[in-house]
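Q: here is my input; please provide its structure:
(2 chains)
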Amino acid sequence: AQSVTQPDIHITVSEGASLELRCNYSYGATPYLFWYVQSPGQGLQLLLKYFSGDTLVQGIKGFEAEFKRSQSSFNLRKPSVHWSDAAEYFCAVGARNYGQNFVFGPGTRLSVLP
Amino acid sequence: SQTIHQWPATLVQPVGSPLSLECTVEGTSNPNLYWYRQAAGRGLQLLFYSVGIGQISSEVPQNLSASRPQDRQFILSSKKLLLSDSGFYLCAWSVQWGYEQYFGPGTRLTVT
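A: Sure, this is the predicted structure:
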């Protein structure tokens, strides 16, 4: 079964600083990979996804992520963080085979200092 | 475009009372549907999923049940709520298994 780890429970960055959120996965083949963001009391919003092809994917709100097969990682990055980026971020793995479920990581809470 | 609705947005129910949460999707056909629960400060726990009308798979044994009476309608129910049922319930849909899931706004359930 696939699994997802997000090593950082909570990260604090200053507004305007760069950001990298880590995600590592375990899966027997190339998975579908996703990043979601959740503001307090709201549902999850899809930031970006990776299915195949170019390993650097661009998403909404200025985010990008890079798939590194050798490291089983899919880290999320943003060059300059805005105060409105403060939220919870979830990495997820979607299995290509029916019967293996979509798995979310535990989440990383991002705080932004003014 | 597709949209997903959940209601109610918030709910406060006493222990032992019944529960019915509803989720509907617009703008797509035959979606895969999912119910998740998110406890305070915790990640997402998949409760049920459905790949078609009347087809429900349960991930976690509990006192909750799900039904899919129509193609784009997914209902989460309980006959008797427990304190441990409190949480944030999220409905989601996807066009194909394993593909990205799109989430509704959620229902905040407090069992007192």
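Q: so what's A:Gly99 scoring on pLDDT?
A: For A:Gly99, the model assigns a pLDDT of 68.
Q: show me the contact partners of stretch B:12-27.
A: B:1-8, B:11, B:31, B:33, B:35, B:64, B:72-83, B:85, B:89, B:91, B:93, B:104, B:107, B:109-112 (Cβ atoms under 8 Å, 6 or more residues apart in numbering or on different chains). Bear in mind the C-beta positions are built from the backbone N, C-alpha and C, glycine included.
Q: so which bits of chain B are right by chain A?
A: B:34, B:42-44, B:46, B:49, B:51, B:59, B:88, B:90, B:92, B:94, B:97-106, B:108 (Cβ under 8 Å from any Cβ of the partner chain).
Q: of those residues, buried ones?
A: The neighbour count (16 or more other Cβ atoms under 10 Å in any protein chain shown) marks B:34, B:43-44, B:46, B:49, B:51, B:88, B:90, B:92, B:94, B:97-104, B:106 as buried among the residues of chain B next to chain A.
Q: just the helices in chain B please.
A: Taking DSSP state H, chain B contains no helices at all.
Q: look up how far B:Val25 lies from the residue most central in space within chain B.
A: Nearest to the geometric centre of chain B sits B:Trp35, at 3.2 Å (Cα atoms, centre = their mean). According to Cβ to Cβ, to the nearest Å, B:Trp35 and B:Val25 sit 13 Å apart.
Q: cool, and B:Ala40?
A: Taken as Cβ to Cβ, the span from B:Ala40 to B:Val25 is 27 Å.
Q: got a list of what B:His5 touches?
A: B:Cys23, B:Thr24, B:Val25, B:Glu26, B:Gly104, B:Pro105.
Q: neighbours around A:Arg22, how many?
A: 16 (other Cβ atoms under 10 Å in any protein chain shown).
Q: so who does A:Glu66 touch?
A: Neighbours of A:Glu66 in contact, by Cβ under 8 Å, 6+ apart: A:Thr55, A:Leu56, A:Val57, A:Ser73, A:Phe74, A:Asn75, A:Arg77.
Q: pLDDT below threshold where in chain B?
A: Scanning chain B for pLDDT under 70 picks out B:61.
Q: show me the strands in it, by range?
A: B:3-7, B:10-13, B:19-26, B:32-38, B:44-52, B:55-58, B:64-70, B:73-78, B:87-94, B:102-103, B:107-111 (DSSP state E).
Q: thanks a lot, catch you later.
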